[in-house]
Structure formats: C-alpha cells, structure tokens
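>>> Please work out how this folds:
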Amino acid sequence: MKAVNKDKVLILTGNYGDGHIQVAQALHDAIQIRYPALEPVIFDFMEWVHPYSNQFSRFIYLQGVKKFPQVYGFIYQKTRKVNKLSNVMKTLLSTGVGRMLKLIEEVQPKVVVSTFPLAAAVMSKLKSLGLTDIPTVTTITDHTDHSCWIYPFTDHYIVGSTIVRDSLIKLGVEENRISNTGIPIRQQFSQSFQREEIIEKYGLDPHIPTILVMGGGCGMIGEGNSTLQEIDALPNPIQLIIVCGHNDKLRMQLQEKLKDSKHRIHLTGYIHYVHEIMAISDLMITKPGGVTTFEGIAMELPMLLYKPIPGQEQDNAKFLVRSGVALQAETGRDLLDHLSKILSNKNLLQQMRDNSKQFHPKESAFASVEVIMKTKEVNNSMDELVYTFGY
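This next block holds a predicted model:
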C-alpha cells in the first residue's frame, strides 16, 4: 500500500524550563486529534541549531536565573520594550540561520510554530532575508509580554489572556495578528477524574488536606529545605506531595530533613502524572511558571505562589493574584501565614476555584491549533494567487 505524504507542521521549542516543551507537546497532540491528515513534528530548536553549545548555554542560563535573579530581572525589564539594548540582544541571539534553513529544507513544513522566543527570532530573520516565505506562528508561554517574543516577520501570535494581547498591541503588533486562546495545555488536564480512585492508587490519606508543592521541571522552589521546614511548623497535620523534578539532590536532602515531620510526606522526582496529583490536591504551592499555573487553572486548583524570579515569573504572579486564582507569599513566615489562612477558610478556596472558570482553559490547545491552521491556509491561498496571476 502506497504511503501518503502528509503536510507537516514544524513546532520549534527549547529545553530552558519545561514550559516551552509542554506547550509544544500540547499543540502536537491537539493537531493529531483535530487534523489527523497533518503530521506535527517537534524539534528542540537550540539542540538542532546550536548542538555544541546548547548544554553549556542552558546550564549558564539556569544557574544565572537561580544564583543571580536580580541581574536577570534587571536585564529582563530593560529589554521589555523594543529599544537599542533589546535590538542588540536580538541580534546576538538570532544566530543559526544556516542550520535553521537546513531543517526547513529537510522537513518541508507548511507552517512553523515557535514556543521558544529564539526560534521565533531566527524564523523572522530567515523571512527578512527572503530565504523562506513559510507562515509562522508564535505561542507566548507566559502571562506577560516582552520584546524577545516580537519580530516583524511573525505572521501571528497566540497569547494566554486579554492583558497580554493588549500589551502586544502597545508594543506595536497589529490586533488582527493576535489571538487570545489561552496558553495551550495537554489534554490530560482537560479530563474528568475520580478523586477516590486516585487517592487509593497513590496510597494517600483522604481525610487530611493535600498540598502539592511544585518547583518546575528543575525542582527549584524558594530555598528548598528551609521552605518546607517552615511548613512543618503548621499545627495540624497535612499531606505534602513534593515534586522535585530533575533535582535529585534536593529530593535526597528533603528525604533526610523531613523524615521526622509530623506531616505525611510524599517525595517524587520528575513525573508524568501531575494531572492526577493536581486532581486530588486542595492547594498547590508553586513557582509561577506560565504553563504550570495554567494547568492548575484548568484543574481549578487554588495556588499559593512563592518567591517568583524577577522577570516573567513576577509578571505571571501579578496576573494570577489579580485574577483571583492565587495568593503570593514573599517570605517563609508569609508562606506559613497564607497557608494557615487558606486551609482554615473553605470559602476562600472555593472562590479561587470559581475564579478559575473565567479562563476556559480546557480547549486552549484546540483553539490554538485552529489559529495555526487559519494562518497556514491564508498564506497558502496567497501563494496560489501569486502562482495563478503572476503577481
């Protein structure tokens, strides 16, 4: 039987925090479900374009954010709008045109989607040089705006809220090039769950509050040990599910430090069943990453945000607190006070859950895919006109 060559959708991402990858996967899965005649292809942009320096640059980035957050925040704010400094940064970071062109020639996509800002930069540069005319869509993975996402040859932007849409308009993006679909999230966060079955599956206690502690894919939250020792001061026992991500060192440290805790402690590394844990949790303590928090919103899970990193995490925190789906703690003492307040106030928890419903996040991936398909079809129609009439 003759194989059918499917039109391809190239999705570019980057392993600089899990959010970019999760959004890419959400789009991939939604395309397969909604448009089975298409073939979505995911590539790690940095790994492909900079294969020799990628691991080193990723390490430097993550260590810089962790150890020098104020410096990162300063640069982030200085380059938020398009200016001389942001343009210099864009020029320095939009390298790899040759490798990117080779990838396009190999994959032959009908549309390119970027969930990582440097990928959007290089695609725009290729188009500015006349090396390709493939339609491009950028999916912004935070609840904020920044010039690092904005490029003149990007055809369309997918954003997570009206606030981000309005901010992009102020940055000079035409309104008809922006769609507010919500941040695309994976389908497992849109399911219905049987709470009792999941509690039994993981050997949890259904009679005490369950707190999920998430530090992102790299397992960084506050100062790690001291953060959770603060929680140990709560008078009534709770159940803590602590996801350390890829941070095995933190997991081993916590295993030792919390072995005598009066609370029930469940430690995990990187897991693929976060959606199930969210479904049975009463509250999530987390870094305010754009994707994790939007997944929490989809699960109607109240959030307590702790020590956001200056930059996009601070912007995310402001958005989430203003939307009434989260509270924010600045210090360990503050964390304890907020946690006590939330656990003793069922009305507050319910109000935060109700506020989550305003976002309609469960269809965000499918809505985003429709935008991508529309962008693809509009461009293809223009190509046909040019071919037919010789414009």
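
>>> Leu336 and Ala233 touch, don't they?
Yes. Under the criterion of C-beta atoms under 8 Å, Leu336 makes contact with Ala233 at 6.0 Å. Glycine gets a C-beta too; all of them are placed from N, C-alpha and C.

>>> Settle it for me: which of those two has more neighbours?
Neighbour count, other C-beta atoms under 10 Å: between Leu336 and Ala233, Leu336 has more, with 16 against 12.

>>> Please identify the buried residues of the one helix or strand the more buried one maps to?
Using DSSP states H and E, Leu336 sits within helix 332-343. Within helix 332-343, the residues that qualify as buried are 332, 334-336, 338-339, 342-343, counting by 16 or more other C-beta atoms under 10 Å.

>>> which of the residues you listed lies closest to Lys357?
Ile342 (18.8 Å; C-beta to C-beta).

>>> if we can go back for a sec, would you format the buried residues of helix 332-343 as JSON lines with pLDDT included?
Shown next, in JSON lines, are the buried residues of helix 332-343 (pLDDT from 0 to 100):
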{"residue": "Gly332", "pLDDT": "80"}
{"residue": "Asp334", "pLDDT": "87"}
{"residue": "Leu335", "pLDDT": "87"}
{"residue": "Leu336", "pLDDT": "87"}
{"residue": "His338", "pLDDT": "91"}
{"residue": "Leu339", "pLDDT": "90"}
{"residue": "Ile342", "pLDDT": "91"}
{"residue": "Leu343", "pLDDT": "89"}
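
>>> Below-threshold pLDDT in the stretch 101-250 of the chain: ranges please.
216-229 (pLDDT under 70).

>>> if you go through it in chain order, where are the helices?
117-128, 162-170, 195-201, 225-231, 248-257 (DSSP state H, counting those that start in this stretch).

>>> now the buried residues of helix 332-343 as a markdown table including distance to Ile265?
Putting the buried residues of helix 332-343 into a markdown table (distance: C-beta to C-beta, whole Å) gives the following:
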| residue | distance to Ile265 |
| --- | --- |
| Gly332 | 18 |
| Asp334 | 22 |
| Leu335 | 17 |
| Leu336 | 17 |
| His338 | 20 |
| Leu339 | 15 |
| Ile342 | 19 |
| Leu343 | 17 |
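
>>> Just name whatever secondary elements the helix holding Leu336 is in contact with.
Applying 3 or more C-beta pairs under 8 Å, 6 or more residues apart in numbering; DSSP states H and E, one finds that helix 332-343 makes contact with helix 225-231, strand 283-286, strand 303-306, strand 326-329, helix 346-356.

>>> want to try TSV for these, with distance to Ser167 and mean neighbour count as columns?
Compiled in TSV, the helices and strands packed on helix 332-343 are given as follows (distance: least, C-beta to C-beta, whole Å; neighbours: other C-beta atoms under 10 Å):
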stretch	distance to Ser167	mean neighbour count
helix 225-231	31	18
strand 283-286	23	25
strand 303-306	20	24
strand 326-329	20	22
helix 346-356	21	15
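
>>> quick one: which of those is nearest Ile42?
Using C-beta to C-beta, the nearest of these to Ile42 is strand 283-286, at 25.1 Å.

>>> Identify the residues contacting that closest one?
Applying C-beta atoms under 8 Å, 6 or more residues apart in numbering, the contact partners of strand 283-286 are 209-216, 221, 278, 292-293, 296, 301-306, 335, 339, 342-343, 349.

>>> Can you tell me which of the helices and strands packed on helix 332-343 has the worst average pLDDT?
Of all the helices and strands packed on helix 332-343, helix 225-231 carries the lowest average pLDDT, namely a mean of 67.

>>> how far is the host helix or strand of Met46 from where the chain is centred?
Assessed by DSSP H and E, Met46 sits inside helix 45-49. Its chain's C-alpha centre and that of helix 45-49 lie 19 Å apart, by C-alpha atoms, centre = their mean, to the nearest Å.

>>> Outside of that helix itself, which residues are in contact with it?
In contact with helix 45-49 (C-beta under 8 Å, 6+ apart) are residues 12-16, 54, 57-58, 95-96, 99-100, 103, 114, 116, 118-119, 122.

>>> Filter the residues you listed down to the buried ones.
12-16, 54, 58, 96, 100, 103, 114, 116, 118-119, 122.

>>> Can you tell me which of these is nearest Arg80?
The closest of the buried ones among the contacts of helix 45-49, once distances to Arg80 are taken by C-beta to C-beta, is Leu118, at 16.9 Å.

>>> who are the neighbours in contact with the nearest residue to that closest one once chain neighbours are set aside?
Spatial nearest neighbour of Leu118, excluding adjacent residues (C-beta to C-beta, 6 or more residues apart in numbering): Leu93 at 5.4 Å. Taking C-beta under 8 Å, 6+ apart as the criterion, Leu93 is in contact with 118, 121, 148.

>>> got the contact list for the closest residue to Leu10 other than its chain neighbours?
Leaving aside its sequence neighbours, Leu10 sits nearest to Pro109 (C-beta to C-beta, 6+ apart; 3.7 Å). Going by C-beta under 8 Å, 6+ apart, Pro109 touches 7-10, 41, 134.

>>> now Ile297
325, 356, 359, 361.

>>> What does the pLDDT read for the first one?
As predicted, Val325 sits at a pLDDT of 96.

>>> That one and Met303 touch, don't they?
Yes. Here Val325 reaches Met303: they are 6.3 Å apart, a contact under C-beta under 8 Å.

>>> What segments of the stretch 1-150 of the chain are strands?
7-13, 38-44, 109-114, 136-139 (DSSP state E, counting those that start in this stretch).

>>> Let me know which of those is the nearest to Val371.
strand 136-139 (6.9 Å).

>>> strands paired with that closest one, and their directions?
strand 109-114 (parallel), strand 156-159 (parallel) (DSSP bridges).

>>> okay, that strand in PDB with CA atoms only?
The C-alpha coordinates for strand 136-139 follow below in PDB (Å, rounded to 0.1, in the frame of the first residue of the first chain):
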ATOM      1  CA  THR A 136       5.000  31.500  11.200                       C
ATOM      2  CA  VAL A 137       3.000  31.500  14.400                       C
ATOM      3  CA  THR A 138       4.500  32.300  17.900                       C
ATOM      4  CA  THR A 139       2.900  30.900  21.000                       C
END
